[in-house]
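Novice: sequence and computational prediction follow.
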Amino acid sequence: MSRPPQLQTLVDALESAIDATCPPGDARACAHSIFSALRESTGEQRPTEQKEPLDCLTNLPDAISNTRAGPSHCADLATAFDALYPDLAWQRRPGSETDPAFHSGHATTPIIGPLGIEVRSDVIIGAGLVAPGVAYPYHSHPPEELYAVLSDSEWYNESQGWYRPGLGNVVFHTPNVQHAMRATNAPLLAVWALYTGASPP
């Protein structure tokens, strides 16, 4: 089974973007696990279930434009992501209703993983969009995680506090570390990848 061309282009662009600035050590080992698994097998392809458009998605054109103005690896990823956009189903984080600003000011979409357009359990890839001035709340999870940062935005890691990684750089979260992110005066766009280590279906 082969991966659809537009999805494969996104995977390749994400690998290049992460490889361009990924720090050595655990972060690079995580990237190796993710992309080796994606080369070794392809999961079942599933049609997208389109959902009601979200208000936050009005920020996506600006986010894509800002990303294309960055380093070439960002521009390539933005182009690949934009081409895949019609196949993606965006949603809000469950439970976000308790924070009205966050509820209306964010959107996420699964791309690869149990809920993605390629179904598998060992790798999870998705994207997140946050409106200007909105914060994605503190959270943690067992799998380690890499983000390709596609905007000038602020990020939090419990080991270093708030910081600005910069457009085009990589953020790495170790298992169960508390982390968050927030947009400044421009929308925040990022593509994230987790390696669970579980066997693909």
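Specialist: Received, thanks.
Novice: the longest helix in the protein is where?
Specialist: Longest helix in the chain by number of residues, with DSSP state H as the criterion: helix 5-21.
Novice: what comes up buried for it?
Specialist: Under the neighbour-count criterion of 16 or more other CB atoms under 10 Å, helix 5-21 has 7, 9-15, 17-18, 20-21 buried. (C-beta placed from N, C-alpha, C; glycine too.)
Novice: pLDDT on that helix, on average?
Specialist: Helix 5-21 shows a mean pLDDT of 97.
Novice: what is it packed up against?
Specialist: helix 26-40, helix 72-84, strand 106-112, strand 144-149, strand 188-195 (3 or more CB pairs under 8 Å, 6 or more residues apart in numbering; DSSP states H and E).
Novice: I'd guessed C74 sits against L167; true?
Specialist: Yes: using CB atoms under 8 Å, C74 is in contact with L167, at 6.3 Å.
Novice: quick one: which of these two has more around it?
Specialist: C74 (25 against 18; other CB atoms under 10 Å).
Novice: quick one, what contacts the more buried one?
Specialist: 17, 67-68, 148, 150, 167-168 (CB atoms under 8 Å, 6 or more residues apart in numbering).
Novice: just the angle between the longest helix of the chain and strand 188-195, please?
Specialist: 90 degrees (axes from the mean of the first three to the mean of the last three CA atoms, to 10 degrees).
Novice: next, the angle from helix 5-21 to helix 72-84.
Specialist: Using the same axes, to 10 degrees: helix 5-21 against helix 72-84 is 160 degrees.
Novice: what is in contact with C74 and L167 at once?
Specialist: Listed as contacting both C74 and L167 by CB under 8 Å, 6+ apart are 67, 150.
Novice: measure stretch 169-176 end to end?
Specialist: For stretch 169-176, the separation between the terminal residues is 21 Å (CA to CA, to the nearest Å).
Novice: give me the contact list for that stretch.
Specialist: Residues contacting stretch 169-176 (CB under 8 Å, 6+ apart): 18, 21-23, 26-27, 30, 140-149, 155, 157, 165, 179, 190.
Novice: just the buried residues of these.
Specialist: Applying 16+ other CB under 10 Å to the contacts of stretch 169-176 flags 18, 21-22, 27, 30, 143-149, 155, 157, 165, 179, 190 as buried.
Novice: tell me the angle the longest helix of the chain makes with helix 26-40.
Specialist: 160 degrees.
Novice: quick one: contacts for V134?
Specialist: 101-102, 105-106, 182-183.
Novice: ok now the helix or strand harbouring M181, how far from the chain's centre?
Specialist: Element membership of M181, judged by DSSP states H and E, is strand 179-182. Put simply, strand 179-182 sits 13 Å off its chain's centre (CA atoms, centre = their mean, to the nearest Å).
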